[in-house]
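Participant: let me see the structure of the following:
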Amino acid sequence: MKAGSRPADDGFTIVEVLVAITVLVIAMLGAALLFENAIIASGNTRNRVIAANLATQQLETVRGTAADPTKFTSIPQGQSVITTPDQLVNGIQFTVTQDVQFVGQSSSTSSCDTPGSTTGQIMQVSETVTWPDMSGTAPVQNVTTLAPPVGAYSASSGSIGVKVFDSTGAVADNVTVQAVGPAAPSPQQTTAEGCAYFAFLPVGTYAVTITEGTGVGDQELVAPVQNASVSIGQTTSLQFQYDSPATIVATLQAAPPAHASGMSISVVNTGLQPYGQFSFPAAGAGDVTSSPALFPYQSGYVVFAGNCTDNNPLGKDTSRNPFYPTATPVPVAVTPNGSTAATVPLYPLNVHVQNSAAVAVTGTTPTAAETSTFAAPYSAVCTSGTATGSAPTLGLTTLTATGDSLTNLPLGHFTLKATCTRGMPACTTANKTGSVNVWVKPDGVYSVSATGAALTKYPGAIVVVVT
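Facilitator: Numbers count the residues shown, from 1 in each chain. As a prediction, the model looks like this:
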């Protein structure tokens, strides 16, 4: 070695070693990732093959049933999920979802959307298979169509197509529908298109019902029903609105004064026919009332006390003029499976009862009976929502020592009535009664004419004289 020269480096420096290790790790990670992706792809391919075999197996099961003319029309429509041990393969639980519906020969559209002739109706069967941890892999789907075998139906038959919608106007699937008439086919579940199709029925009239379940129809019935007349070679179409119910928790206006006993509570929506309202009994004095199942109309409900059309702040007389032109009640919003609180407005009624000598009647309970017998246009209809009913009689608060009763009442026409029993200070020699017709309006209580028209507003207590 020459003097003053540097020795040559032997081996790698520490930095070079670290760089080499880093490059090696990156390369190994890349290889591992490729290997993992290859394993996933291989597993998904294997699972898709198994899923395709399961879909084919289920289709063959349906084909076997459909080949029997006596069983073809009894194949359940709608969606059904199959997760039996037969679908447990290599420790993986596969799920087969079967969707069955009738369609036209030249269309994949549900037969409920192509009403008219039943000619050429065939059955479409779809099998969709899924499994856990699909890692973005699309489900396996197998679809086929099955023509009715010879003898499956008579040429003199017809069909019923039932379309079910929810409160938003979207189709409602998995709703059970039943048809009973000259034949009683198996109940059907609505498909993903909201269709329940009863194919090849004997002609006649059928009662078609959504069987009572977890929902409610748009006329507040838990099992809504419509009639369908089946004709030869034709499909009769029906539509239902059905959804999960809403509840309104109604509180009558709080005391003082106390509210009348025997009241009903009603909800209003223009979708309710024929009167636009639906009624149910109030729980009692000072109590909160939960409504029965209500259809969750997106426009909500106006809530009021009473069950007659003139109790309704939006009610109209027989000339179709509003009873209360200035009333602007705010609808209560409702949602499927939701509960909404509402305060029900009431209106004070001040009554004083006396005899013809101005001696106060005390200790008895006057009444207020809804007057629905006035001539048109002021005659009111009292209803539960689907049928007319009798006019209710409400109990007012008991007369005080001065002969006075102050009670909260609904809007409407009322006949106030008081009785005085023989032996009481105001009725020493005989039983006596007295009555007055009034109209309780949002701005006060009015005297009325013989036809029920409002005359003058009472400035204070309404005097009822027993004679």
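
Participant: what about P296, neighbour count?
Facilitator: 25 (other CB atoms under 10 Å). (C-beta placed from N, C-alpha, C; glycine too.)

Participant: please begin residue numbering at 33 from this point
Facilitator: Fine by me, first position is 33 from now on; the one you just mentioned is P328.

Participant: helix, strand or coil for it?
Facilitator: What DSSP: H, G, I helix; E, B strand; the rest coil gives for P328 is coil.

Participant: so where's the chain uncertain?
Facilitator: Scanning the chain with the threshold set as pLDDT under 70 gives 33-44, 48-49, 52, 56-57, 59-75, 137-140, 146-152, 316-318.

Participant: can you pull out the helices in this structure?
Facilitator: Ranges of helices in the chain, per DSSP state H, are 46-98.

Participant: which non-adjacent residue is nearest A400?
Facilitator: Using CB to CB, 6 or more residues apart in numbering and skipping the chain neighbours, the partner closest in space to A400 is F446 (4.2 Å).

Participant: whoops, A486 was the one
Facilitator: Y478 (4.1 Å).

Participant: coming back round to it: what sits against the residue nearest to A400?
Facilitator: Contact partners of F446, counting by CB atoms under 8 Å, 6 or more residues apart in numbering, are 381, 400-403, 426, 469-472.

Participant: how about a cut-off of 7 Å?
Facilitator: Neighbouring residues of F446 by CB atoms under 7 Å, 6 or more residues apart in numbering: 400-403, 470, 472.

Participant: export these to CSV and append columns for distance to D275.
Facilitator: Below are these laid out as CSV (distance: CB to CB, whole Å):
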residue, distance to D275
A400, 37
A401, 37
E402, 33
T403, 37
V470, 41
V472, 35
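
Participant: strands - which of those land there?
Facilitator: 400-402, 470, 472 (DSSP state E).

Participant: of all those, which two lie farthest apart?
Facilitator: Pairwise distances across those (CB to CB) peak at 12.7 Å, for the pair A401 and V472.

Participant: so which of those two has more stuff around it?
Facilitator: Applying other CB under 10 Å to A401 and V472 shows that V472 carries more neighbours, namely 22 against 16.

Participant: do you know how far T279 is from F312?
Facilitator: 11 Å (CB to CB, to the nearest Å).

Participant: mutual contacts of the two, please.
Facilitator: Joint contacts of T279 and F312 (CB under 7 Å, 6+ apart) are S323.

Participant: can you tell me how far V477 is from A98?
Facilitator: 71 Å.

Participant: oh sorry, the question was meant for C340
Facilitator: 56 Å.

Participant: ok, and the closest non-adjacent residue to S323?
Facilitator: I280 (4.5 Å).

Participant: tell me which residues touch the one you found, please.
Facilitator: 299, 323, 326, 333, 335, 364, 366, 372, 374.

Participant: wait, which of those residues is closest to T169?
Facilitator: V366 (40.9 Å).

Participant: which ones are touching the closest one?
Facilitator: V366 touches 278, 280, 326, 328-329, 332-333, 372, counting by CB under 7 Å, 6+ apart.

Participant: buried ones among these?
Facilitator: Buried subset of these (neighbour count, 16 or more other CB atoms under 10 Å): 278, 280, 326, 328-329, 332-333, 372.

Participant: which residue of C340 and A98 possesses the greater neighbour count?
Facilitator: C340 (27 against 21).

Participant: against L381, how distant is that one?
Facilitator: For C340, the distance to L381 - CB to CB - is 16 Å.

Participant: could you do S218 as well?
Facilitator: For S218, the distance to L381 - CB to CB - is 57 Å.

Participant: please say which of these two ends up with more neighbours.
Facilitator: Taking neighbours as other CB under 10 Å, S218 and L381 compare with L381 leading, 26 against 12.

Participant: okay, now the closest residue to that one other than its chain neighbours: neighbour count?
Facilitator: Closest residue to L381 apart from its sequence neighbours, by CB to CB, 6+ apart: L441 at 4.7 Å. Neighbourhood size, L441 [other CB under 10 Å]: 24.

Participant: one step back: check contacts around the residue nearest to A486.
Facilitator: Y478 neighbours (CB under 7 Å, 6+ apart): 470-471, 486-489.

Participant: let's have those residues in TSV, adding neighbour count and distance to Q305.
Facilitator: Shown next, in TSV, are the contacts of Y478 (neighbours: other CB atoms under 10 Å; distance: CB to CB, whole Å):
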residue	neighbour count	distance to Q305
V470	23	31
W471	24	27
A486	17	29
L487	9	34
T488	8	37
K489	12	35
